[in-house]
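Colleague: sequence unavailable; structure follows:
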């Protein structure tokens, strides 16, 4: 398992700390949520030559690839692809978010890039209403239409299973049939159906089970730890140590 730090491009003052953590072995790679309005010091990451995964901005950050603004979303995706080229990103993760899955497919089909991974969503959106891309059928539809891979988010899967009133284990086993290329891990509880991104020592997700699932695949796996920013990157590093020790 390769453990990833998560930063947004607005956290550029933490880039040096992230580089040092990766070079020292405290983490293995950086997953960067790319905000088109926040692009300072990307060359620092490029010159460090650390492994990078790029993540699209999501609906809460003003980018919703399943929304009706197809022209704008196509331009946003093109910008994301150029940033991935600049940073030599290994993967590019995209959120279906809210709207119509057909819109998402139309946007993704404007590029041909084998690095693209669609991420599963919770059913309940934080802002209200439902997301698309939480069920295997929609994810499989996207993957077939767009020739992209899959990022399995266990926190999102836990919340979707809660909404659908099925077991977390059964839901994960179903999603594993999509052959995920990488993973997201965070904690959450059953009191709410929307995403929480709690620290790994909180919540109700059985992380030992999650870790066993990943190991059973028998492949080198990128696992991004998605927990709250606290004390720079220190909280994320503590959570990486916690996950590694299970």
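Modeller: On my side now, so go ahead. Keep in mind the model is a prediction, meaning the values are calculated, not measured.
Colleague: and stretch 37-55, how far from the chain's centre?
Modeller: Relative to the chain's own centre, stretch 37-55 is displaced by 17 Å; criterion: Cα atoms, centre = their mean, to the nearest Å.
Colleague: can you list the residues that contact it?
Modeller: 2, 4, 6, 8-10, 12, 15-16, 18-19, 22-23, 28-34, 80, 83-84, 86-93, 182, 222, 224 (Cβ atoms under 8 Å, 6 or more residues apart in numbering). C-beta: built from backbone N, CA, C; applies to glycine.
Colleague: tell me which helix or strand comes right after the host helix or strand of residue 46.
Modeller: Per DSSP states H and E, residue 46 falls inside helix 42-48. Counting by DSSP H and E, the next helix or strand C-terminal to helix 42-48 is strand 52-56.
Colleague: okay, now the sheet partners of that following strand, with direction.
Modeller: strand 29-34 (parallel), strand 92-94 (parallel) (DSSP bridges).
Colleague: which of those strands sits most buried?
Modeller: Greatest average neighbour count among the strands paired with strand 52-56 goes to strand 92-94 (a mean of 26), per mean count of other Cβ atoms under 10 Å.
Colleague: quick one: average confidence on whatever helix or strand comes next after that strand?
Modeller: The element immediately downstream of strand 92-94 (helix or strand, assigned by DSSP H and E) is helix 101-108. The pLDDT scores in helix 101-108 average 98.
Colleague: list the buried ones in helix 101-108?
Modeller: 101, 103-108 (16 or more other Cβ atoms under 10 Å).
Colleague: how far away from the center of its chain is the longest helix belonging to the chain?
Modeller: Counting residues, the longest helix found in the chain (DSSP state H) is helix 70-87. Distance, stretch centre to chain centre, for helix 70-87: 17 Å (Cα atoms, centre = their mean).
Colleague: can you pull out the strands in this structure?
Modeller: 2-8, 29-34, 52-56, 92-94, 116-119, 149-153, 182-185, 222-225 (DSSP state E).
Colleague: let me have those in CSV, adding distance to residue 207 and mean pLDDT as columns.
Modeller: Formatted as CSV, the strands of the chain follow (distance: least, Cβ to Cβ, whole Å; pLDDT from 0 to 100):
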stretch, distance to residue 207, mean pLDDT
strand 2-8, 13, 97
strand 29-34, 18, 98
strand 52-56, 21, 98
strand 92-94, 21, 98
strand 116-119, 19, 98
strand 149-153, 14, 98
strand 182-185, 7, 98
strand 222-225, 11, 98
